[in-house]
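[1] Structure of the sequence below:
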Amino acid sequence: METKSNDIEIIKIQLTSNYKVISLNMEGITNEESMIFPNGEANCMNWIFGHLIYIRNAFLNVLGEESVWDNEKFSCYNRGEIPLNRKEEFVTFEELKSYLKESQDKLEAKLNILESFVPETVEDISVLSYHEAYHSGQMGYLRRILGKPGAIK
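    Residues are numbered from 1 along each chain as shown. Got it, this is the predicted structure:
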């Protein structure tokens, strides 16, 4: 039996854990609720979710895979954008869920066949994995702000 490199196993576990946390935090959130900007300016759940997928595409690209969407078309979710100014470009929460699932499937498939990471990509992979955990936590707080019970028990 062949064993995977520990670094690949760590990233697989992190991606699976993040996927579960993101999915739980989205349960029961309507598209309308996802578009609420707390305090009239803080990032809404739709943007944070879309931003997670935008950056997952960078993760896929680092691993040599194609993005699940056209980054130009979805540039409203890019880092540095002002979400409040581009909210008319956001796609529905349900559409984002399908992109998340597609990105998860592609990432898992790629990690299942990789034997090791290209050394030059290790820093990017580490930062991208951390980035996802950071925003996953924000979604938990946004869920509470929207008046929903905590999803992580």
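
[2] and G140, backbone torsions?
    Backbone torsions of G140, given as degrees, to the nearest 10, read phi -60, psi -40.

[3] Nearest spatial neighbour of it, chain-adjacent residues omitted?
    Nearest residue to G140 in three dimensions, chain neighbours excluded: N25, at 5.3 Å (CB to CB, 6 or more residues apart in numbering). (Each C-beta comes from the backbone N, C-alpha and C, glycine too.)

[4] Looking at the particular helix or strand that has that neighbour in it now, give me its mean pLDDT.
    Secondary structure assignment for N25, by DSSP states H and E: helix 6-26. For helix 6-26, mean pLDDT is 95.

[5] show me the contacts for M35.
    Contacts of M35 were listed using CB atoms under 8 Å, 6 or more residues apart in numbering, and they are 44, 46, 87, 90.

[6] And L52, by the same measure?
    By CB under 8 Å, 6+ apart, the contact list for L52 reads 22, 100, 132, 135-136.

[7] again, only this time at 10 Å
    By CB atoms under 10 Å, 6 or more residues apart in numbering, the residues touching L52 are 18, 22, 77, 96, 99-100, 103, 131-132, 134-136, 138-139.

[8] Between helix 6-26 and the helix or strand where it lies, find me the angle.
    Following DSSP H and E, the helix or strand that holds L52 is helix 45-62. Per axes from the mean of the first three to the mean of the last three CA atoms, to 10 degrees, the angle that helix 45-62 makes with helix 6-26 is 160 degrees.

[9] and helix 45-62, how far out from the chain's middle?
    The chain centre lies 5 Å from the centre of helix 45-62; the measure is CA atoms, centre = their mean, to the nearest Å.

[10] now for the helix or strand following that helix, which elements pack on it?
    Remark: after helix 45-62, the chain's next helix or strand is helix 83-86, criterion DSSP H and E. Judged by 3 or more CB pairs under 10 Å, 6 or more residues apart in numbering; DSSP states H and E, helix 83-86 is in contact with helix 45-62.
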